[in-house]
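A.B. asks: Sequence first, predicted model second:
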Amino acid sequence: MIVVNFAKILAFKAYENKNFVCRLLMSIMQDGDTKVHMISYQDCDPILSWKGLSEALQSGHKLSRAEISDTFLYRGADTLLSRSAWIDGIGIAIKCATIFPGNKNFKKPSINGAVNLFDDKTGQLSAIIDFHLVTKWKTAGDSILAAKLLARPNSQNILILGAGTVAHSLRQAYADFFPDAHFSVWNRTFERAEKFAAYFPNTMAVKDLENAISAADIISAATMSSEPLINGKWLQPGQHIDLIGAYRPDMREADDTTLKRSTIFVDSFETTIDHIGELKIPIASNVIKREAVISDFYNIEAFQRSSDSEITLFKNGGGAHLDLMTAHFILQTWLENN
């Protein structure tokens, strides 16, 4: 565990930016020095569990709805995104992400950031958590909670669309809840799918998307596609569809037929219906009605399938409230193990 005397570090570095540091010192030094837990990816990732996070997310949605706010600042192609959430009973989180596409020229990551977690009772800074750690566990944890509730418990064949960072997290998370399942991975670049499959046991790279979708019990899509990849004509009764990749109003991973054949759920009405093409486009074109989206996690009791033949669909839209719940779970797990 790395615990820093935050006030002393800031005082030592005050010469770098005196006005900023002094203001920050005054804000955190309310009852003397404040201990802030610095939680890195390398130190904390091995001690976290998908089942533990799933329970934390489920419990978090039984509290009052979060107050959330997003702020964007731009400088040319560079972006600063700040996502804030406040849940009474959990606390406050501010997740800052910098997206600098030009970093590839310096052989540095294009996306960087951190999550600041503040105590619910005092408002004091309690932890600074690695951005990538929170994002990994939040994104896959969101989907796995829905799959736990909606997918058939005896699902044996799980197909992952995409072979990137999120797909790796999904492979880990789904294996934790469906330990006897066989995994397939499809990617536009087959070589990347092969590399993915070689990294995990019991995983096969596939080229034929239609056959792979038809054979799967669970289809988890984590691509950057703007055009639908999942054709509703390929679906079979009883499948569960997990859509993650689309995040802009012009992006979709599933076509209209998929939506019309499915019972639809989302993680949050506020972050999906009016903001992501997966639902925004078909609702605007009257392919489906707004009422076709049955529930979000704040009415989690509604997350259940009516029969083994029903096709369920979940849209993972994310949101700052999920970052907060995940960051709080990470801190609690960290404290229990250190």
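C.D. replies: Great, that's in hand. Nothing here was measured: the structure is a model prediction, and the numbers come from that model. Numbering: from 1, shown residues only.
A.B. asks: Tell me where this structure has helices.
C.D. replies: 6-12, 18-28, 41-44, 50-60, 131-150, 165-177, 190-199, 209-215, 256-261, 269-272, 277-284, 320-337 (DSSP state H).
A.B. asks: so which of these gets nearest His240?
C.D. replies: His240 lies closest, by C-beta to C-beta, to one member of these: helix 131-150, at 5.4 Å. In this view, the C-beta of every residue, glycine as well, is placed from N, C-alpha and C.
A.B. asks: Is it possible to get a markdown table of the helices of the chain that adds mean pLDDT?
C.D. replies: As requested, those are exported to a markdown table (pLDDT from 0 to 100):
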| stretch | mean pLDDT |
| --- | --- |
| helix 6-12 | 39 |
| helix 18-28 | 42 |
| helix 41-44 | 96 |
| helix 50-60 | 97 |
| helix 131-150 | 97 |
| helix 165-177 | 97 |
| helix 190-199 | 98 |
| helix 209-215 | 98 |
| helix 256-261 | 97 |
| helix 269-272 | 92 |
| helix 277-284 | 96 |
| helix 320-337 | 97 |
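A.B. asks: Ok, which of the ones you listed comes nearest Arg83?
C.D. replies: Taking those one by one with C-beta to C-beta, helix 320-337 is closest: 3.8 Å.
A.B. asks: what comes up buried for that closest one?
C.D. replies: Of the residues in helix 320-337, 320-331, 333-334 count as buried by neighbour count, 16 or more other C-beta atoms under 10 Å.
A.B. asks: Next, format these as a markdown table and append distance to Ile144.
C.D. replies: Compiled in a markdown table, the buried residues of helix 320-337 are given as follows (distance: C-beta to C-beta, whole Å):
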| residue | distance to Ile144 |
| --- | --- |
| Ala320 | 19 |
| His321 | 17 |
| Leu322 | 12 |
| Asp323 | 16 |
| Leu324 | 18 |
| Met325 | 14 |
| Thr326 | 12 |
| Ala327 | 17 |
| His328 | 18 |
| Phe329 | 13 |
| Ile330 | 16 |
| Leu331 | 20 |
| Thr333 | 16 |
| Trp334 | 21 |
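A.B. asks: correct me, but Leu80 touches Phe100?
C.D. replies: No - in this structure Leu80 lies outside contact range of Phe100 using C-beta atoms under 8 Å: 9.5 Å.
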